[in-house]
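Colleague: have a look at this fold, sequence not included:
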């Protein structure tokens with residue numbers, strides 16, 4: 001169970017990341033996969049992942065300093081839930097948010 005103070009920001013984060021994946025990840029492909037996962041890492045920590053198998057995050061871009069509305073919202077909501085935002089671009093794009101819960 002998640003409290004409303006965490007569930008709403010997580011829902012908004014998922015919405016933004018999935019929307020971004022659908023808009024950008026499959027620009028040169030007809031098909032692709034987006035996976036949303038949520039798991040408990042231990043008794044005090046949760047992890048939310050949004051992963052796509054698309055073309056990858058733009059090279060040379062730093063998600064921590066991007067000024068786009070979407071990334072600003074994601075960073076702000078992550079801070080709101082006292083989370084840490086991470087990016088993995090080894091296979092497509094995977095955003096992970098680890099936060100207390």
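Modeller: Okay, I see it. Just so it is clear, the model here is predicted, and its values are computed rather than measured.
Colleague: name the helices or strands packed onto the helix or strand harbouring residue 87?
Modeller: Taking DSSP states H and E as the criterion, residue 87 maps to strand 84-88. Judged by 3 or more C-beta pairs under 8 Å, 6 or more residues apart in numbering; DSSP states H and E, the packing partners of strand 84-88 are helix 69-80, strand 93-100. No exception for glycine: its C-beta is placed from N, CA and C like everyone else's.
Colleague: who's residue 36 bridged to?
Modeller: residue 50 (DSSP bridges).
Colleague: thinking again about what came up before, any chance of a markdown table for the helices and strands packed on strand 84-88, columns distance to residue 1?
Modeller: Converted to a markdown table, the helices and strands packed on strand 84-88 look like this (distance: least, C-beta to C-beta, whole Å):
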| stretch | distance to residue 1 |
| --- | --- |
| helix 69-80 | 19 |
| strand 93-100 | 15 |
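Colleague: re the thing from before, contacts for the strand holding residue 87 next, please.
Modeller: The contact list for strand 84-88, computed with C-beta atoms under 8 Å, 6 or more residues apart in numbering, reads 57, 63-64, 74-75, 78, 93-99.
Colleague: could you redo the last one with a cut-off of 10 Å?
Modeller: Residues outside strand 84-88 that contact it (C-beta atoms under 10 Å, 6 or more residues apart in numbering) are 13, 45, 47-49, 51, 57, 61-64, 71, 74-75, 77-79, 93-99.
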